[in-house]
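In: coordinates only, no sequence provided:
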């Protein structure tokens, strides 16, 4: 499932084409994705100007001139594509899975393609966005000022939960997923089973820095493509070529001086990859 860097890459690709444009026509080719489309979905979009394309955690937020914001989640296989005037949709997508189509005033089309249909779209009053069922209670963004040493101290203090689970909790930090938590913990030298209450100030601060580094580098690399993800122009992410531990079970540790071998354990149904020598 796309994580923060992948969604941010999609946002940055959509924004220059969509912002300031009017949705001349909106079409849906089925009544639902993971959830049913909101009542009057196409009518509420048609004629609206797109004010801004933003991101919060793993969600795309498209602010409309009528005081509503479209919330979009890519699920496991969702993909937005930009079709310039006179061109055809991307050849690597099947038209049968083009579930949403927007015709913009600049004559571009925006397609949402989702073979597995685990993605979804919703419309919410922009003034009530923070209280929506999808965004309410989300923690700070990992690259924002709110994600600080003081915040982590508050979230970790006295808590008897593994650090891997804590960092996947969207109330602790928004947008992180399995891939980037594994990579950040490796860089910080922290075992994924370590209880957060036992992580001292220096290690906690190091972890914060490593999370920021991993997310920033992944965004710069266009995210990670493991199966379905692609940017709006069809480009694949390439951060997966820089994984130190994720998906590397049985391979040598990425640290040249370390004789360790990457291991995999399962925590809460998800694979955790780590080096038993480097991460304590």
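Out: Looks like it arrived, so ask away. Since we're looking at a predicted model, the values are computed, not measured. Numbers count the residues shown, from 1 in each chain.
In: ok, residue 149 touching residue 207?
Out: No. Between residue 149 and residue 207 there is no contact under Cβ atoms under 8 Å: 9.7 Å. C-betas here are computed from N, CA, C, even on glycine.
In: which one of those two is surrounded by more residues?
Out: Applying other Cβ atoms under 10 Å to residue 149 and residue 207 shows that residue 207 carries more neighbours, namely 24 against 13.
In: after the host helix or strand of that one comes which helix or strand?
Out: Using DSSP states H and E, residue 207 falls within helix 201-220. Using DSSP H and E, the helix or strand that follows helix 201-220 in sequence is strand 263-267.
In: contact partners of that following strand?
Out: 162, 164-165, 192-193, 249, 271-276 (Cβ atoms under 8 Å, 6 or more residues apart in numbering).
In: ok, the nearest residue to residue 32 once chain neighbours are set aside - contacts?
Out: Leaving aside its chain neighbours, residue 32 sits nearest to residue 117 (7.7 Å; criterion: Cβ to Cβ, 6 or more residues apart in numbering). By Cβ under 8 Å, 6+ apart, the contact list for residue 117 reads 32-34, 75, 99.
In: check which helix or strand covers residue 117.
Out: Residue 117 belongs to no helix or strand when assigned by DSSP H and E.
In: next one: the one 4 residues further on
Out: Secondary structure assigned from DSSP H and E places residue 121 in strand 120-125.
In: how about residues contacting that strand?
Out: Outside strand 120-125, the residues within contact range by Cβ under 8 Å, 6+ apart are 33-35, 37-38, 41, 44, 67-73, 75, 100, 112, 132, 134.
In: so what strands line up beside it?
Out: Strand 120-125 pairs in its sheet with strand 68-73 (antiparallel), by DSSP bridges.
In: which residues touch the partner strand?
Out: 34, 44-45, 48, 58-64, 78, 112, 119-126, 129, 132, 134-135.
In: and the angle for the helix or strand following that strand with strand 68-73?
Out: Scanning forward in sequence from strand 68-73 by DSSP H and E, the next helix or strand is strand 79-83. Between strand 79-83 and strand 68-73, the angle comes out at 120 degrees (axes from the mean of the first three to the mean of the last three Cα atoms, to 10 degrees).
In: direction included, what does strand 79-83 pair up with?
Out: Strand 79-83 is paired, per DSSP bridges, with strand 109-113 (antiparallel).
In: find the nearest non-adjacent residue to residue 247, please.
Out: The shortest distance from residue 247 to any non-neighbouring residue, by Cβ to Cβ, 6+ apart, is to residue 273 (6.7 Å).
In: bridging residues for the one you found?
Out: The partner list for residue 273 in beta bridges (DSSP bridges) reads residue 264.
In: isn't residue 279 up against residue 185?
Out: Yes. Applying Cβ under 8 Å as the test, residue 279 and residue 185 come out as touching, 6.5 Å apart.
In: re the thing from before, wait, doesn't the residue nearest to residue 247 sit right on residue 249?
Out: Yes. Here residue 273 reaches residue 249: they are 6.3 Å apart, a contact under Cβ under 8 Å.
In: adding pLDDT, neighbour count and secondary structure, write the contacts of residue 117 out as a markdown table.
Out: Shown next, in a markdown table, are the contacts of residue 117 (pLDDT from 0 to 100; neighbours: other Cβ atoms under 10 Å; DSSP: H, G, I helix; E, B strand; the rest coil):
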| residue | pLDDT | neighbour count | secondary structure |
| --- | --- | --- | --- |
| 32 | 96 | 11 | strand |
| 33 | 96 | 22 | coil |
| 34 | 95 | 15 | coil |
| 75 | 94 | 20 | coil |
| 99 | 96 | 22 | strand |
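In: nearest to residue 145 among those?
Out: Set against residue 145, the nearest of the contacts of residue 117 by Cβ to Cβ is residue 75 (29.9 Å).
In: any idea how far that closest one is from residue 6?
Out: Look at residue 75 and residue 6: by Cβ to Cβ, to the nearest Å, they are 12 Å apart.
In: for residue 249, same thing?
Out: Counting by Cβ to Cβ, the separation of residue 249 from residue 6 is 23 Å.
In: more crowded one of the two?
Out: residue 6 (25 against 14).
In: ok, now which ones touch that one?
Out: The contact partners of residue 6, taken as Cβ under 8 Å, 6+ apart, are 74, 223-224, 229, 237.
In: do that again at 7 Å, thanks
Out: By Cβ atoms under 7 Å, 6 or more residues apart in numbering, the contact list for residue 6 reads 223-224, 229, 237.
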